[in-house]
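Novice: Could you work out the structure for the sequence below:
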Amino acid sequence: MAEKGLLSYFTGQGEAQPSSLAESKNPVQYLMQLASERPEYAALAEYLQSRNAMPPISFGYMPDSSAGQFVQQGIFSNSNIPVTGKVNLTDAFLGRRLAPESAIPTLVHELTHATQKEMIGQNLQKDVVDPEAKQQYLDAYKKLSYDPSKRGIEAFREGSLSKRLNPEWTDKNQGYRASVLELPAWAMGDVANKNPVNSYDPYKPPAHLNATLATERQILLDLATRDARKNPNKKTR
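Specialist: As a prediction, this is how the structure comes out:
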C-alpha cells in the first residue's frame, strides 16, 4: 500500500493525522505504523515475522499501574493465549491528551521479550538447510546474549556488562530491572523513546548501558532474521 493510501486507511481520506491513539480508527495498527519508523521496532518486527511469531497486541486494563506485559502460554495452560504469546498494553495510552507515540517504547520493550522467547526455540532448531547462517546466528547469540561455557552472571552478556559498568546498581536492581531478561528489553524501549521531556527508564541505569545493549540486540536480531529466512522453522509454517 502506498504511503498516502496507508495514511488514509488510518486517518480517513484527507483528514489530519490523529493527535492521539484514541482518535485513530484502529489504535493498534496506527501505533504499529508509527513504531515502524523506529529502527528498534523495525528490527523486532522483521525478526518475529520471519519466524511467523508476531504476537497479537491489544489495549486494556493493566493491574499495578503497569504499562505493558508480554504473556506466554504456561506449560500446563489451556488458556486462549496463542503460541506466539501476546502483548497487552495499558488502555491509559488511549488517553486523548497523550501523544500517539507515547506507547512506542513500551511496545518495543514487550516485543523484545517476545523475541527472547522465540530465540530459545530457534537455538534448538534441528532442521537446518544453511549451516553457515545458523552458525553465524548461534555464535552471535553466544557472544551477545548467553554463553553456556561461562558461569554465573558472566554467562550473560547483558548482566556481565551491567556489572562491569556499575556493580552497585546491578546488585541493587537484580530482582527486576537488572535481571538478564529485563536488561535488553528496557534498553530497546529506552532507545526507541524520542520524547526529550519524558524519560522512559526511571531506574537511572549506568551510562551507555542502554545504548550498548540496544545496539547489540539489533545486531543479534539481524543475524537471527537471516538465519530464520535461510532455515525456516517448519513447525510454524
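Novice: Strands of this protein, residue ranges please.
Specialist: Here the chain has its strands, by DSSP state E, at 57-60, 68-71, 86-90.
Novice: chain center to the last one: distance?
Specialist: What it means is strand 86-90. 12 Å (C-alpha atoms, centre = their mean, to the nearest Å).
Novice: Work out the sheet partners of it and label each with its direction, please.
Specialist: Take DSSP bridges as the rule and strand 86-90 pairs in its sheet with strand 57-60 (parallel), strand 68-71 (antiparallel).
Novice: would you turn the ones you listed into TSV with mean pLDDT and distance to residue 162?
Specialist: In this view, the C-beta of every residue, glycine as well, is placed from N, C-alpha and C. Shown next, in TSV, are these (pLDDT from 0 to 100; distance: least, C-beta to C-beta, whole Å):
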stretch	mean pLDDT	distance to residue 162
strand 57-60	98	29
strand 68-71	96	21
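Novice: Of those, which is nearest residue 28?
Specialist: strand 57-60 (5.1 Å; C-beta to C-beta).
Novice: List the contacts of that closest one.
Specialist: Here strand 57-60 makes contact (C-beta atoms under 8 Å, 6 or more residues apart in numbering) with 21, 27-28, 31-32, 86-91, 93-94, 107.
Novice: what's the neighbour count on the closest residue to residue 114 other than its chain neighbours?
Specialist: In this structure, residue 114 finds its nearest non-sequential neighbour in residue 55, 5.2 Å apart by C-beta to C-beta, 6 or more residues apart in numbering. Residue 55: 23 surrounding residues under other C-beta atoms under 10 Å.
Novice: Next: residue 181.
Specialist: For residue 181, the neighbour count with other C-beta under 10 Å is 15.
Novice: Enumerate every residue touching the closest residue to it other than its chain neighbours.
Specialist: Nearest residue to residue 181 in three dimensions, chain neighbours excluded: residue 116, at 6.3 Å (C-beta to C-beta, 6+ apart). Taking C-beta under 8 Å, 6+ apart, we find residue 116 in contact with 181, 184-185.
Novice: Inside helices: which ones of the residues you listed?
Specialist: 184-185 (DSSP state H).
Novice: Let's have the contacts of residue 116 in TSV, adding pLDDT and distance to residue 112.
Specialist: Shown next, in TSV, are the contacts of residue 116 (pLDDT from 0 to 100; distance: C-beta to C-beta, whole Å):
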residue	pLDDT	distance to residue 112
181	98	9
184	98	6
185	98	4
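Novice: Just the closest of the contacts of residue 116 to residue 214, please.
Specialist: Distances from residue 214 to the contacts of residue 116, taken by C-beta to C-beta, are shortest for residue 184, at 7.6 Å.
Novice: wait, isn't the closest one in contact with residue 157?
Specialist: No. Checked against C-beta atoms under 8 Å, the pair residue 184 and residue 157 is beyond contact range at 9.1 Å.
Novice: overlap in contacts of the two?
Specialist: Joint contacts of residue 184 and residue 157 (C-beta under 8 Å, 6+ apart) are residue 145.
Novice: Alright, that wraps it up for me.
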